[in-house]
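**Q** quick one: sequence and predicted model below, then my questions.
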Amino acid sequence: MRALELPEDGTATLELADGSRVAARVARRRHVGAWWVTLPLQGAPWRTVLVAADMLAPAEFRRLRLWALWGRVAGAAPRQFQDLGA
């Protein structure tokens, strides 16, 4: 596998070593550890993708872990801390 695209709708597109692309849906039962993330894919054919921490930059691996846990990447609201001193 060369690339993995994971939009927020739960679909996945894998780009394989030969350049072909496979579309699938990420199953709800994902496994997340400090050093790995597994993403079971539903589709034809059924696959499980294992991503190890050293396969990505640290920030990208953290984003993948958050996505796998919550289904989206968290972000702070722009005005979240603006009125704390009032």
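**A** Thanks, I have it.

**Q** and Leu69, what element?
**A** Take DSSP states H and E as the rule and Leu69 turns out to sit in helix 58-70.

**Q** so which elements touch that helix?
**A** Counting by 3 or more C-beta pairs under 8 Å, 6 or more residues apart in numbering; DSSP states H and E, the packing neighbours recorded for helix 58-70 are strand 31-32, strand 36-42. Quick note: C-beta positions are derived from backbone N, CA and C, even for glycine.

**Q** which of those sits most buried?
**A** strand 36-42 (a mean of 18; mean count of other C-beta atoms under 10 Å).

**Q** show residues contacting the helix or strand following that one.
**A** Using DSSP H and E, the helix or strand that directly follows strand 36-42 along the chain is strand 47-52. Residues from elsewhere that reach strand 47-52 (C-beta atoms under 8 Å, 6 or more residues apart in numbering): 1, 4, 12, 14, 22, 24, 35-41, 61, 64.

**Q** turn the helices and strands packed on helix 58-70 into TSV, including distance to Thr48.
**A** Formatted as TSV, these follow (distance: least, C-beta to C-beta, whole Å):
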stretch	distance to Thr48
strand 31-32	9
strand 36-42	5
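
**Q** report the separation between the residue most central in space within the chain and Leu4.
**A** For the chain, the residue sitting closest to the mean C-alpha position, by C-alpha atoms, centre = their mean, is Leu64 at 3.7 Å. Separation of Leu64 from Leu4 (C-beta to C-beta, to the nearest Å): 9 Å.

**Q** likewise for Met55?
**A** 10 Å.

**Q** same deal with Thr48?
**A** Counting by C-beta to C-beta, the gap from Thr48 to Leu4 is 12 Å.

**Q** between the two, what contacts are shared?
**A** The contact sets of Thr48 and Leu4 overlap at Leu39 (C-beta under 8 Å, 6+ apart).

**Q** what about the two, which has more around it?
**A** Each of Thr48 and Leu4 had its neighbours counted (other C-beta atoms under 10 Å), and the higher figure belongs to Leu4 (17 against 11).
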